[in-house]
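Peer 1: Here is my input, please return the structure:
(one chain, ligands or ions: 1)
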Amino acid sequence: MTAITLDGVATASAVKNELKSRIALLRAHGVVPGLGTLLVGDDPASRSYVAGKHRDCAEVGIESIRIDLPTSATTADVRAAIRDLNASPSVTGYIVQLPLPAGHDENAMLELIDPDKDADGLHPTNLGRLVLGIEGELHSPLPCTPAGIVEMLRRYDVPIRGRHVTVIGRGLTVGRPLGLLFTRKGLDATVTLTHSRTADLAAEVRRADIVVAAVGVPHLVQPDWIKPGAAVLDVGITRVQDEETGKGRLTGDVDPAVAEVAGHLSPNPGGVGPMTRAMLLANVVKAAEQRLHR
Ligand SMILES: Nc1nc(=O)c2c([nH]1)NC[C@@H]1CN(c3ccc(C(=O)N[C@@H](CCC(=O)O)C(=O)O)cc3)C=[N+]21
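Peer 2: Down below sits the predicted model:
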């Protein structure tokens, strides 16, 4: 048996196509959605992610505004750039690309974002609304990776209600908000949120119908940890040197042999990454629609 692939590229493409008509409608009403990005420093991975986000915007008809600051930027510089993005009428939503270079207080910078322009859903007000919105009724942006994971499972009809989800990783952008999202009314999963100090990780994964691995430990998740037929989503990514070619290569948190046991497998790359980008666009469109209705 080989798992059904949860194809993030194809699913993201479907999401983007659906957004195009909403964007056209917004434009017809005189609202032009615009995504801003703030990138500090010259980390190559961050540069390539930000470049990808601008390409996505061009593809669907969202304007994009890019602010790049050098590694030498001070916290005052970052603060000033965030103030500009909050004030800019052409920016309807924006992100501060993480991680910021050492020396900047990320949480303090996220707090400066106008919650109405928070395209990542990482401002404390929006994270608070995620906690408060047990019924899922609050109109706040959701963090993009958790939203992308749920959207992909839905589109492949993977059952969630009453199922056991084991999340590996408690980070701000994936694990922590994902536990809150999956346990909302309407989704109704039971979640085990695990991390580096979890006593018996294999046992926690073995009980899961859905496994989300978001830690950045190459091939951590082994085939004998997986309940046969479970859905496995590989989110963590590590750049490793290929021993034979000497070239850099991307490796996920899930051992490829898991495909022989799982029912569904979201690969990495090609899975949750493209969905994360699609949900960012969706957040920008939603924020622009709310602007229209205010
Ligand atoms: N404020 C903020 N918001 C983020 O959403 C955010 C962030 N900071 N910092 C870094 C992480 C990482 N992240 C990815 C998004 C898409 C892919 C993606 O599309 N990856 C492609 C491959 C891309 C490649 O080859 O490098 C794939 O999985 O197929 C990957 C990683 C968003 N993040």
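Peer 1: contacting residues for Asp77?
Peer 2: By CB atoms under 8 Å, 6 or more residues apart in numbering, Asp77 lies in contact with Leu69. Just so you know, the C-beta spots here come from the backbone N, C-alpha and C atoms, and that holds for glycine as well.
Peer 1: Name the SS class of it, please.
Peer 2: Three-state assignment for Asp77 (DSSP: H, G, I helix; E, B strand; the rest coil): helix.
Peer 1: quick one: average pLDDT of stretch 161-172?
Peer 2: Averaging pLDDT along stretch 161-172 gives 98.
Peer 1: In this structure, mark out all the helices, start to finish.
Peer 2: 8-28, 44-60, 75-87, 106-110, 124-132, 144-155, 175-182, 201-206, 272-293 (DSSP state H).
Peer 1: for the ones you listed, which one sits closest to Ala257?
Peer 2: Evaluated with CB to CB, those place helix 201-206 nearest to Ala257, the distance being 14.5 Å.
Peer 1: I'd like the helices of the chain laid out as JSON lines, including distance to Met1 and mean pLDDT.
Peer 2: Shown next, in JSON lines, are those (distance: least, CB to CB, whole Å; pLDDT from 0 to 100):
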{"stretch": "helix 8-28", "distance to Met1": "22", "mean pLDDT": "97"}
{"stretch": "helix 44-60", "distance to Met1": "33", "mean pLDDT": "96"}
{"stretch": "helix 75-87", "distance to Met1": "49", "mean pLDDT": "98"}
{"stretch": "helix 106-110", "distance to Met1": "42", "mean pLDDT": "98"}
{"stretch": "helix 124-132", "distance to Met1": "36", "mean pLDDT": "95"}
{"stretch": "helix 144-155", "distance to Met1": "20", "mean pLDDT": "98"}
{"stretch": "helix 175-182", "distance to Met1": "26", "mean pLDDT": "98"}
{"stretch": "helix 201-206", "distance to Met1": "18", "mean pLDDT": "98"}
{"stretch": "helix 272-293", "distance to Met1": "23", "mean pLDDT": "94"}
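Peer 1: quick one: stretch 118-130 near the ligand?
Peer 2: Yes: against the ligand, stretch 118-130 shows contacts by CB under 6 Å from any ligand atom at Asp120.
Peer 1: Going by proximity to the ligand, name the top residue of the stretch 151-294 of the chain.
Peer 2: Gly273 (2.3 Å; CB to the nearest ligand atom).
Peer 1: Gly8 is in contact with that residue, correct?
Peer 2: Yes: shown here, Gly273 and Gly8 form a contact pair, counting by CB atoms under 8 Å, at 6.4 Å.
Peer 1: Grab the nearest non-local neighbour of Gln241.
Peer 2: Closest residue to Gln241 apart from its sequence neighbours, by CB to CB, 6 or more residues apart in numbering: Gly248 at 6.2 Å.
Peer 1: Please list all residues in contact with the residue of the stretch 151-294 of the chain closest to the ligand.
Peer 2: For Gly273, counting by CB under 8 Å, 6+ apart, the contacting residues are Gly8, Ile237.
Peer 1: Now with 7 Å, please.
Peer 2: By CB atoms under 7 Å, 6 or more residues apart in numbering, the contact list for Gly273 reads Gly8.
Peer 1: how close does it sit to Gly252?
Peer 2: Going from Gly273 to Gly252 by CB to CB, to the nearest Å gives 10 Å.
Peer 1: Next: Glu244.
Peer 2: For Glu244, the distance to Gly252 - CB to CB - is 19 Å.
Peer 1: Between the two, which is the more surrounded one?
Peer 2: Neighbour tally, Glu244 and Gly252, criterion other CB atoms under 10 Å: the higher count belongs to Gly252, 27 against 5.
Peer 1: The more buried one against Val240, yeah?
Peer 2: No: Gly252 is beyond contact range of Val240, at 10.6 Å (criterion: CB atoms under 7 Å).
Peer 1: residues in the stretch 51-200 of the chain within reach of the ligand, list them.
Peer 2: Gly52, Ile95, Val96, Gln97, Leu98, Asp120, Cys144, Thr173.
Peer 1: What distance do you get for the second one to Val167?
Peer 2: I take that to be Ile95. Distance from Ile95 to Val167, by CB to CB: 23 Å.
Peer 1: quick one: which of those two has more around it?
Peer 2: Higher neighbour count among Ile95 and Val167: Val167, with 28 against 25, using other CB under 10 Å.
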